[in-house]
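Visitor: Okay, structure incoming, though there's no sequence with it:
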């Protein structure tokens, strides 16, 4: 019965599903174009930074966004199976030179990392239009605390990388 009128909720649900399909189609099409995706995200970050600078507020939103991005970065730099926590039957990082080479598999793949960052920045941008999120704070304290948190977290992550001898970046084919 194609000709039967739908309720507004059913029509809205169908419209949402169609939008979701189109959105997913374009997300899938953008997957191979990492450089262009990151340039677009950089443009979104610049627009967000200009908005925050222009209105001189929303520092707590920016701080929360920075903490979230730092959390995503840790997932991006971490292996899927942490050799410190689990001994699993799945792929593991080699710990000795005699161990078999196993490729580095990220806990958070690059595409999902990019998508989560871009989505978070867009949500933060929308939040800057609502005054209830503009909590007055002394922003240098938040900036200093975020820098300290970043340094300590990255130091721990780099020590983990050194201890288990892995590099989370693909530097191309090695030549001997």
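Guide: Received it, and whenever you're ready, just let me know what you need. Because the structure is a prediction, the values reported are computed rather than measured.
Visitor: where along this protein do the helices fall?
Guide: Along the chain, the stretches classed as helices by DSSP state H are 8-30, 34-55, 59-77, 110-127, 139-164.
Visitor: What's the local residue count around residue 117?
Guide: Residue 117 is flanked by 20 other residues according to other CB atoms under 10 Å. C-beta coordinates here come from the backbone N, C-alpha and C atoms, glycine included.
Visitor: List the residues that contact it.
Guide: Contacts for residue 117 (CB atoms under 8 Å, 6 or more residues apart in numbering) come out as 41, 69, 72.
Visitor: For stretch 119-129, the averaged confidence score.
Guide: Stretch 119-129 carries an average pLDDT of 97.
Visitor: outside of it, which residues touch it?
Guide: Applying CB under 8 Å, 6+ apart, the contact partners of stretch 119-129 are 41, 44-45, 47-48, 51-52, 55, 57-58, 61-62, 64-65, 68-69, 72, 133-134.
Visitor: filter these to the buried ones?
Guide: Among the contacts of stretch 119-129, those buried by neighbour count (16 or more other CB atoms under 10 Å) are 41, 45, 48, 52, 57-58, 61-62, 64-65, 68-69, 72, 134.
Visitor: okay, those residues in JSON lines with distance to residue 104 and pLDDT next?
Guide: Formatted as JSON lines, the buried ones among the contacts of stretch 119-129 follow (distance: CB to CB, whole Å; pLDDT from 0 to 100):
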{"residue": "41", "distance to residue 104": "23", "pLDDT": "97"}
{"residue": "45", "distance to residue 104": "27", "pLDDT": "97"}
{"residue": "48", "distance to residue 104": "31", "pLDDT": "97"}
{"residue": "52", "distance to residue 104": "35", "pLDDT": "96"}
{"residue": "57", "distance to residue 104": "41", "pLDDT": "93"}
{"residue": "58", "distance to residue 104": "37", "pLDDT": "95"}
{"residue": "61", "distance to residue 104": "34", "pLDDT": "96"}
{"residue": "62", "distance to residue 104": "31", "pLDDT": "96"}
{"residue": "64", "distance to residue 104": "30", "pLDDT": "96"}
{"residue": "65", "distance to residue 104": "27", "pLDDT": "97"}
{"residue": "68", "distance to residue 104": "24", "pLDDT": "97"}
{"residue": "69", "distance to residue 104": "21", "pLDDT": "97"}
{"residue": "72", "distance to residue 104": "17", "pLDDT": "96"}
{"residue": "134", "distance to residue 104": "41", "pLDDT": "94"}
